[in-house]
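**Student:** When you get a sec, could you give me coordinates for this:
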Amino acid sequence: MKLQISKLREDAKIPIYMTPNSAGADIFACIDSPILLKPLERQLIPTGIALSIPNGYEAQIRPRSGLSIKHGITVLNSPGTIDSDYRGEIKIILINLSSENFTINNHDRIAQMVIAKVESVNFEEVELLDSTSRGEGGFGSTGTN
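**Tutor:** A predicted model of the protein is given here:
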């Protein structure tokens, strides 16, 4: 599958799969100067790219595990969804969940992008839903063992 991508800035970097079997392509910051992300602070980080995602697909933006475990940096609305009809710049909402400042530099790998198939459904309102053995049991209702 080919995905059309446009560089909105000359120095923007195209996402890249770091290994042959990676599910997610790393996405890079495209910024004029370093951004300081203080503890518990969130910021919108530009990437300098825009995508043309085919109908029936989405781009999911996910945290990079190394940034999460080593620095407490994650994607705030994870996974973020980029719809197939969006053509603007991809920007990543990062949050610093650590107790230390973190600096984002131009061309740092800040997130990963997974392209996924999606289905649209027709919602049908009904009086009662079909029953299951779980029923309305929610958070923690199935136990931990």
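
**Student:** you'd agree A12 is up against C30?
**Tutor:** Yes - A12 is within contact range of C30, at 4.5 Å (criterion: C-beta atoms under 8 Å). Where C-beta positions appear, they are placed from N, C-alpha and C, glycine not excepted.

**Student:** More neighbours: which of the two?
**Tutor:** C30 (24 against 21; other C-beta atoms under 10 Å).

**Student:** Tell me if I am right that that one is in a strand.
**Tutor:** No - using DSSP: H, G, I helix; E, B strand; the rest coil, the secondary structure at C30 is coil, not a strand.

**Student:** Run through the residues that contact it.
**Tutor:** In this structure, C30 makes contact with R9, D11, A12, K13, P46, T47, G48, I49, N106, H107, judged by C-beta atoms under 8 Å, 6 or more residues apart in numbering.

**Student:** again, only using 7 Å
**Tutor:** R9, D11, A12, P46, T47, G48, N106 (C-beta atoms under 7 Å, 6 or more residues apart in numbering).
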